[in-house]
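> coordinates only, no sequence provided:
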C-alpha cells in the first residue's frame, strides 16, 4: 500500500496550518506595536490560501478521494458530507476574508477588529476541518483503499506540489512565494 497520498495530504495540511499561524502572528505583532500590518504580505498569504488549498487541495479531496471512500466505507458518508460542505464554505470564507482585508486597508483602523475577528474564525474553522480529516478520514482510507486506489490517488495528488511543502514553486508562483518567505514570520518565512 502506498502512503504517498497520505503524506502529501498531511504535508499540505501542515503547510496551511503554518501559513495560518504566521498570519495570526503578523497581526498580533502589528497590534502589539500599534502599527498597521504589511498589507502586501497579507494579500499574498490570502492569495496563496485561495490558489493552493482552496483551488487545488480541496477539489482533489472532494472529487477524487471522497468518492472512493464513499464506495469503500459508506458509514463515513456523514463525515464526508460535512467535509464537502466545509470545502464549499471555505471558498466563500476566503472571499469574505479577502474583502475584510481590503476594507481594513482602505478604510483604516476602524475595520481592524472585523478583519482580525474574521481571520481568527477562519483559522479555527480550518484547523478543525483538517483535524477531522486527519483523525476520521485518513485512518479509514488507510484501512479500506486497495493498492490500485492508492496508485490512482498518488497520480492525482502527486501531479502538483504545494511550494510550502518544500517543492520548488512553479515559475508563475515564484515571486509570490519569495514575497511570502521574505516577509512572513516563521514558520512560513524569514520575517
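Sure thing, it's come through. Since we're looking at a predicted model, the values are computed, not measured.

> contacting residues around the helix or strand hosting residue 41?
Taking DSSP states H and E as the definition, one finds residue 41 inside helix 39-49. Helix 39-49 is contacted by residues 16, 19, 22-23, 26, 94, 97-98, 101, 104-105, 164, 176-177, 179-180, 183-184, 188, 191 when judged by C-beta atoms under 8 Å, 6 or more residues apart in numbering. Every residue, glycine included, has its C-beta placed from N, CA and C.

> tell me what angle the top helix by length along the chain forms with helix 39-49.
Determined from DSSP state H, the single longest helix within the chain is helix 77-107. Angle, helix 77-107 to helix 39-49, by axes from the mean of the first three to the mean of the last three C-alpha atoms, to 10 degrees: 160 degrees.

> going by neighbour count, list what's buried in helix 77-107.
79-80, 83, 86-87, 90, 93-94, 97-98, 100-101, 103-105 (16 or more other C-beta atoms under 10 Å).

> among the residues you listed, find the lowest-pLDDT one for me.
Minimum pLDDT for those is recorded at residue 90 (89).

> chain neighbours aside, what residue packs nearest to it?
Ranked by C-beta to C-beta, 6 or more residues apart in numbering and with sequence neighbours excluded, the top spatial neighbour of residue 90 is residue 54, at 5.8 Å.

> quick one: residues contacting that neighbour.
Residues near residue 54 by C-beta under 8 Å, 6+ apart: 90-91, 94.

> SS state for residue 169?
Classification of residue 169 using DSSP: H, G, I helix; E, B strand; the rest coil returns coil.

> let me know the pLDDT of the residue of the chain most remote from its centre.
Distance to the chain centre peaks in the chain at residue 34, reaching 28.6 Å (criterion: C-alpha atoms, centre = their mean). If you check residue 34, the pLDDT there is 96.

> in terms of helices and strands, where is it?
Counting by DSSP H and E, no helix or strand carries residue 34.

> got phi/psi on it?
Torsion angles at residue 34 (phi, psi; degrees, to the nearest 10) stand at phi 50, psi 40.
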